[in-house]
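Participant: build the 3D model from these lines:
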Amino acid sequence: MRRHPPEKRASRRPALLIAAAVVVLAAVLLGRGAGGQWARFQAARDLETSAISDALRWLERSDRIDPRDGETELLRAQCLRLLELEPEREQALARAAEYGASPERIACERVIGQIRTGELYEGAESRLDELRNAGLSPTDIAWSYILGCVARQDLERAHALVTAWSADNPGQPHNNYMRGFLLLRSNQRPAAARELKAALEQQPGHELAEIALAELLDQEKKSEESLRLYVTLANRNPQNVNVLTGLARVLRKTGRPDLARAILQPFLAAAEHSSTFAVEMACIELDSGNYEDAATWLEQTSPQDLAEHTTLSAAGITLAMLGDTPRAARAFQWIADEMSAVTLLHDMELAPTHEELAREFQQLMSTLSARGTQPGLFDAAFAHGDSGDNVSPGMRLYNTHCEACHGPEGRGDGRAARHLHPTPRDLRLDKMRLVSGDGGIPTRNDVANVIRLGVPGTAMQPLPELRDPQVEQLVDVVIDMRRSGLREAFLAEMAAEGEPVDEREIAALVDAQTVTGQPAHVPDHRAADPESVARGALRYVEQSCHSCHGENGTSAPTQMLFDDFGQPCATRDLALDPLKGGNTAQAVYLRILLGMPGSPHPANVNLAPDAMSDLVLFCQSLGKEPKQQLTNHARALRAALQ
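Facilitator: All right, here's what the predicted structure looks like:
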């Protein structure tokens, strides 16, 4: 977005040159004090029109002409307050005191900052005359009062103040900005966009409106427009860490976390960081697969930011990937509660006299309100929940390690499920992909291996800390869930067809899909040679492997693929992806022989063992090192592109 229209920009450039020349001339003829005073006058003029970065540049000129001036630092503190750069503002106020600025003026700047953050709320109106007498502009004072209302979650009062101010001071571009800002906070984006654009049409250099519009465009997923505006803002003021954080956020969301990290790199060594900065760095590290670093940044976020939906989701995924499933489950429970509250509120608007809905909503709001008195996700006092004395040891293990993703009954509907790609398996109805038993039925050892080793390329992490008896207890739980799910499905099918229930028939049907015979035979592995790899390459084409995995194994499906539940399936990159069942010859042989039940990957039981072994050797020859370890975000993005 242009800072100024072409016709205004052309006329503005000579004006800036003339103004700079006047400053130099004033410094030469009248002395440093007059030159600095002129620069501060120009900064104050730009500040009145919210051209804050221009004002800061004038203050830099004042520093050069008339260094160590307290008034310069007071104006700089005001600019930094408007840009929400609190550590830098505190430094400016400290310098203002050191350079002899009026203690009363410094005190008033601190008071207006407290009003702005909601720290000084009740009785804030009594400080109005004090702030006016200190020389602060009426617009600045009014906006600080309004922001105090926003900080206290009193949006109704904030809207009322903006309406009253606009009526008393019509025609000001800042009025449109204030309305747009509040509409954006109220999630009324189309109306917010209209007001922010109106502010910029009247005052093209209104920097606060530009920042708010860049944020709105990001929320609207208009990434390119948001990116252009953030780049413009960043070029104007490369030290504005909040703008650069917004720019990094858009880059990360568009699949460029490394570039996002590089943009924020210069600020990592700062003594302190804002919560917004910490949230973005956590999301960057999460998308890069650096889960411990993500957790370290999340520990620095404020309770308010950590309660945001996006941050909670990032926290839940981070904790789950670090194996801290109790905390992860808690994060996803919070998200589920908030979404339930929104749904209930909508239902209450449709049925305002429904007493049961009202009671349920009040109970849920009480639960949400109580969070402020509970240990946070990253507090040392966090409680891992009750001991679960009323459940079996296997279910206790399941609730700790599996429930957050697979759900309390194994239906693949855990609180984390909607945040993961691929989605967690429905343990009750979906077929297990990694099998070694005849007929594509998993053995107990198959289930145990998935628990111990995880599934590479998914969110299913290995659990090496579990002892063998604990693994066996979890295997029992998974098999029981599978049998219960199949029984439910068969009962529902009989009921739909009006057939009488025959428990012996149902038991036989369940056994047929859960009781395996002998493990499939896998011949001894033989070493690869050029001839066997060449024969395998022919088998690769004959068996149509290339139609899904590509000529070179780099995943190039010729058509959309879906699993048994109609969900899209992304094909494996045989060259760079770690294979789900492992990259050993035995694992690859089983995948080719038995397929991956429930997915489009077929079984090849009619292929002769020697031909199968050749195909295994060819598939292994396609592999390259190191294997790519895609994050959850990267997997979802690749699936969308396929």
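
Participant: quick check: the residue nearest the centre of the chain vs D218, distance?
Facilitator: Of all residues in the chain, the one closest to the mean position by Cα atoms, centre = their mean is T310, 4.7 Å from it. Separation of T310 from D218 (Cβ to Cβ, to the nearest Å): 12 Å. C-betas here are computed from N, CA, C, even on glycine.

Participant: please apply the same query to N175.
Facilitator: Per Cβ to Cβ, N175 is found 24 Å from D218.

Participant: K431 now?
Facilitator: For K431 relative to D218 (Cβ to Cβ), the value is 41 Å.

Participant: quick check: which ranges of the chain have low pLDDT?
Facilitator: Filtered on pLDDT under 70, the chain yields the residue ranges 1-33, 364-365, 367-390, 641-642.

Participant: got the domain ranges for it?
Facilitator: The record's domain parsing of the chain by automatic domain parsing lists 6-242, 243-385, 393-514, 530-641.

Participant: tell me the helix or strand right after the helix or strand containing Y145.
Facilitator: Using DSSP states H and E, the element containing Y145 is helix 138-151. Counting by DSSP H and E, the element after helix 138-151 in chain order, helix or strand, is helix 155-168.

Participant: starting at the chain centroid, how far to the helix or strand following that following helix?
Facilitator: Moving toward the C-terminus from helix 155-168, the next helix or strand (DSSP H and E) is helix 173-185. Relative to its chain's centre, helix 173-185 lies at 26 Å (Cα atoms, centre = their mean, to the nearest Å).

Participant: and helix 173-185 with helix 155-168, angle?
Facilitator: Orientation note: helix 173-185 sits at an angle of 160 degrees relative to helix 155-168 (axes from the mean of the first three to the mean of the last three Cα atoms, to 10 degrees).

Participant: quick one: contacts of helix 173-185?
Facilitator: 49-50, 139, 143, 146, 150, 155, 158-159, 162, 165-166, 169, 189, 191-196, 198-200, 202-203, 206, 208-209, 212-213, 215-216, 219 (Cβ atoms under 8 Å, 6 or more residues apart in numbering).

Participant: same question, stretch 612-624
Facilitator: Residues from elsewhere that reach stretch 612-624, judged by Cβ under 8 Å, 6+ apart: 523, 525-526, 528, 532-533, 535-537, 539-540, 543, 545, 552-553, 574-576, 583, 585, 588-589, 592-593, 604, 607.

Participant: apply 7 Å and report the result again.
Facilitator: With contacts defined as Cβ atoms under 7 Å, 6 or more residues apart in numbering, stretch 612-624 is touched by 523, 526, 528, 532-533, 535-537, 539-540, 543, 552-553, 574-576, 583, 585, 588-589, 592-593.

Participant: buried ones in that stretch?
Facilitator: By neighbour count on 16 or more other Cβ atoms under 10 Å, the buried set for stretch 612-624 is M612, S613, D614, L615, V616, L617, F618, C619, Q620, S621, L622, G623.

Participant: please report the distance of the first one from H354.
Facilitator: To tie it back to what came earlier, the one meant is M612. For M612, the distance to H354 equals 63 Å [Cβ to Cβ].

Participant: the longest helix in this protein is where?
Facilitator: Counting residues, the longest helix found in the chain (DSSP state H) is helix 468-497.

Participant: and the next helix-or-strand element following that helix, C-alpha only, in CSV?
Facilitator: Moving toward the C-terminus from helix 468-497, the next helix or strand (DSSP H and E) is helix 503-514. C-alpha atoms of helix 503-514 as CSV (Å, rounded to 0.1, in the frame of the first residue of the first chain):
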residue,chain,number,x,y,z
GLU,A,503,-24.8,-63.0,19.7
ARG,A,504,-23.0,-66.1,18.4
GLU,A,505,-23.0,-64.7,14.9
ILE,A,506,-21.8,-61.3,16.1
ALA,A,507,-19.0,-62.9,18.1
ALA,A,508,-17.9,-64.9,15.1
LEU,A,509,-17.9,-61.8,12.9
VAL,A,510,-15.8,-59.9,15.5
ASP,A,511,-13.4,-62.8,15.8
ALA,A,512,-13.0,-63.0,12.0
GLN,A,513,-11.7,-59.4,12.0
THR,A,514,-9.6,-59.4,15.1
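
Participant: so helix 503-514 versus helix 468-497, what angle?
Facilitator: 130 degrees.

Participant: show residues contacting helix 503-514.
Facilitator: I441, I479, R482, R483, L486, R487, F490, L491.

Participant: quick one: that helix to chain centroid distance?
Facilitator: On Cα atoms, centre = their mean, the centre of helix 503-514 falls 44 Å from that of its chain.

Participant: which residues in the stretch 201-350 of the chain form helices?
Facilitator: All helices of the stretch 201-350 of the chain, identified by DSSP state H, counting those that start in this stretch, fall at 207-219, 223-236, 241-253, 257-264, 275-287, 291-298, 303-306, 309-321, 325-350.

Participant: L427: which of those helices is closest?
Facilitator: Among the helices of the stretch 201-350 of the chain, helix 325-350 comes nearest to L427, with 15.8 Å by Cβ to Cβ.

Participant: buried set for that closest one?
Facilitator: 325-332, 334-335, 338, 341, 344.

Participant: that helix packs against which elements?
Facilitator: helix 309-321, helix 355-369, helix 393-401, helix 403-406 (3 or more Cβ pairs under 7 Å, 6 or more residues apart in numbering; DSSP states H and E).

Participant: run through the neighbouring helices and strands of the next helix or strand after the last one.
Facilitator: What that stands for is helix 403-406. Per DSSP H and E, the first helix or strand lying C-terminal to helix 403-406 is helix 444-453. Here helix 444-453 touches helix 468-497, going by 3+ Cβ pairs under 7 Å, 6+ apart.

Participant: what angle sits between the helix it packs on and helix 444-453?
Facilitator: Using the same axes, to 10 degrees: helix 468-497 against helix 444-453 is 120 degrees.

Participant: hmm, Q203 is touching T49, no?
Facilitator: Yes: with contacts counted by Cβ atoms under 7 Å, Q203 reaches T49, the gap being 5.7 Å.

Participant: do you know how far N176 is from A198?
Facilitator: Distance from N176 to A198, by Cβ to Cβ: 4 Å.

Participant: just the buried subset of the contacts of stretch 612-624, please.
Facilitator: By neighbour count, with 16+ other Cβ under 10 Å, the contacts of stretch 612-624 hold 528, 532-533, 535-537, 539-540, 543, 553, 574-576, 585, 588-589, 592-593 as buried.

Participant: so which of these sit within helices?
Facilitator: S532, V533, R535, G536, A537, R539, Y540, A585, V588, Y589, I592, L593.

Participant: am I right that the last one is in contact with N604?
Facilitator: What that stands for is L593. Yes: between L593 and N604 there is a contact under Cβ under 7 Å: 6.1 Å.

Participant: want to try CSV for the ones in helices among the buried ones among the contacts of stretch 612-624, with distance to A320 as columns?
Facilitator: Converted to CSV, those look like this (distance: Cβ to Cβ, whole Å):
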residue, distance to A320
S532, 42
V533, 40
R535, 44
G536, 38
A537, 40
R539, 40
Y540, 37
A585, 32
V588, 29
Y589, 32
I592, 32
L593, 33
